[in-house]
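S.K.: Kindly return the folded structure for what I paste below:
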Amino acid sequence: MNEPSAPDDFWFDDLRVGQRFVTATHTITAAEIKAFAAAYDPQPFHLHDVLARNTLFGGLAASGWHTAALTMRLLVDMSIPAGGLIGASGELSWPLPTRPGDTLQVVSEVLDVRPSRSRNDRGSVVMRNETRNQNDQIVQLFIVKTIVFKRSEQNRNV
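M.R.: Numbering: from 1, shown residues only. Model prediction:
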């Protein structure tokens, strides 16, 4: 398992356009795919090896929502901004399916950092999060605008 590359926690003040962070990895199993699908997205291509062969996916594939949930977990395990990982808006796509045995890792890049015009204690940060498999193929792309708090006077030493 790779070690994450972000600081333990960070503030708006710590972020700059162009910064990149890389999460640890997670290898997804068929059992995980089927369990998630049974609970949240019970479609044949997420549940049944044989039935999945005759679908658009040509075999068992994780739900996009499962890939999104794993992405979130990898990001949170790496590091979260002080105050939490708070999404304001985003655009999500799944260019390729996540398959059993895929080892996922998230590569994040800061695209924009803007202080709030109405609240002095925060700003917005736009991140490009690429969830990649072991072949460095993007299985999920998530461009997200987040709210990140600034380091206040009482938090200057944190």
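S.K.: which parts of stretch 85-93 are buried?
M.R.: Residues of stretch 85-93 include none that count as buried (16 or more other Cβ atoms under 10 Å). Every C-beta, even on glycine, is put in place using the N, C-alpha and C of the backbone.
S.K.: What helix or strand is the most centrally placed residue in the chain located in?
M.R.: Centroid check for the chain by Cα atoms, centre = their mean gives Thr71 as the closest residue, at 3.2 Å. In the assignment (DSSP states H and E), Thr71 maps to helix 64-78.
S.K.: cool, Ala31 as well?
M.R.: Counting by DSSP H and E, Ala31 is found in helix 30-40.
S.K.: Please work out the angle formed by the directions of that helix and helix 64-78.
M.R.: With axes from the mean of the first three to the mean of the last three Cα atoms, to 10 degrees as the basis, helix 30-40 and helix 64-78 are set at 110 degrees to each other.
S.K.: now what about helix 30-40, what contacts it?
M.R.: Applying Cβ atoms under 8 Å, 6 or more residues apart in numbering, the external contacts of helix 30-40 come out as 43, 46-47, 49, 60-63, 65-66, 69, 98, 100-101.
S.K.: Report the rounded mean pLDDT for that helix.
M.R.: Mean pLDDT, helix 30-40: 98.
S.K.: Off-centre distance for that helix?
M.R.: Relative to the mean C-alpha coordinate of its chain, helix 30-40 is positioned 19 Å out (Cα atoms, centre = their mean, to the nearest Å).
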